[in-house]
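Peer 1: After the sequence you'll find the predicted model.
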Amino acid sequence: MRALTASEIIHLWETAYRFHPIDQALSILQQAMPGHTREQLAAMSLGQRDDLLLALRQLTFGDTLPGKDTCPHCNERVEFALSCTALSVDTPEPKRRQLVTDGFDVTVRPLTSFDLGAAANASTVDEARSLLLERCVDEVLYQGVPTPVQALPQSIQNSIAETASATDPQAEKVLELSCPACKNEWQSLLDIGHVLWMEICAWAQRLLLEVHQLATAYGWTEDEILKLGPVRRATYLQMVAP
Ligand SMILES: [Zn+2]
């Protein structure tokens, strides 16, 4: 993996802005990892995918990831800084797990972008949930006999969902937040795909403004300006509009 270039940031913003967030995350990775097919990236567990997105974010925009949230108790705006490296804990590769309980023997696998894509087409939240439940299960046996997931008791369905999460703990980046005003503490989930996409949008628009300013001043082409390193580009910009 390598950092995204200025041209690639603009290309991503231009081509993927209409995509579903799942496809935006895959497009970002595919741009930085041309040796991988889209299918290979979509078949990775969500934790693996998010760790790659964090690594790419660190390479492209730096390690410190600014965040903000609103205190659910007093509505105070809370700002904080995260470390991409610290969030991307080096955990073992996600693997299938056996859930053996009450006569049931279930093989559970971690969820992937393919699964999220399928659930995104569901018309209700309940339908999406049961679709994910079906997809994360390879085989269900009750007293040795294959059994459909829908026929399982609710308690077993809950255990399957918990087991699926446990196969891929990196899929949920839980942030422990606290409010400086009222000392309230709460948890929030980091969606690194969404955060990185928003950063790419902001950077693309900023880069185009820089192209506009330098092209107007010097008559250089977009390609010539984007090939300048960020330090050189910033120095020319200071000369144009100090
Ligand atoms: Zn508060």
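Peer 2: Okay, I see it.

Peer 1: Does the spatially most central residue of the chain belong to a helix, a strand or coil?
Peer 2: Nearest to the mean C-alpha position of the chain, by CA atoms, centre = their mean, lies G193 at 2.7 Å. Assigned by DSSP: H, G, I helix; E, B strand; the rest coil, the conformation of G193 is helix.

Peer 1: before we move on, what about E176?
Peer 2: Per three-state DSSP, E176 ends up strand.

Peer 1: Next, the contact list for the residue nearest to the centre of the chain, please.
Peer 2: P21, I22, Q24, A25, I28, R49, D50, L53 (CB atoms under 8 Å, 6 or more residues apart in numbering). Every C-beta, even on glycine, is put in place using the N, C-alpha and C of the backbone.

Peer 1: buried ones in the strand or helix carrying the third one?
Peer 2: Spelled out, that is Q24. Assessed by DSSP states H and E, Q24 sits inside helix 21-32. Neighbour-count burial for helix 21-32 flags I22, D23, Q24, A25, L26, S27, I28, L29, Q30, Q31, A32 (criterion: 16 or more other CB atoms under 10 Å).

Peer 1: which residues touch it?
Peer 2: Taking CB under 8 Å, 6+ apart as the rule, helix 21-32 contacts 1-4, 8, 11-12, 15-16, 19, 36, 38, 41-42, 49, 52-53, 56, 59-60, 113, 116-117, 120, 193-194, 196-197, 200.

Peer 1: Just the buried ones among those, please.
Peer 2: 4, 8, 12, 16, 36, 41-42, 49, 52-53, 56, 60, 113, 116, 193, 196-197, 200.

Peer 1: Which ones, among those, also lie beside the ion?
Peer 2: When contact is defined as CB under 5 Å from the ion, the buried ones among the contacts of helix 21-32 do not meet the ion at all.
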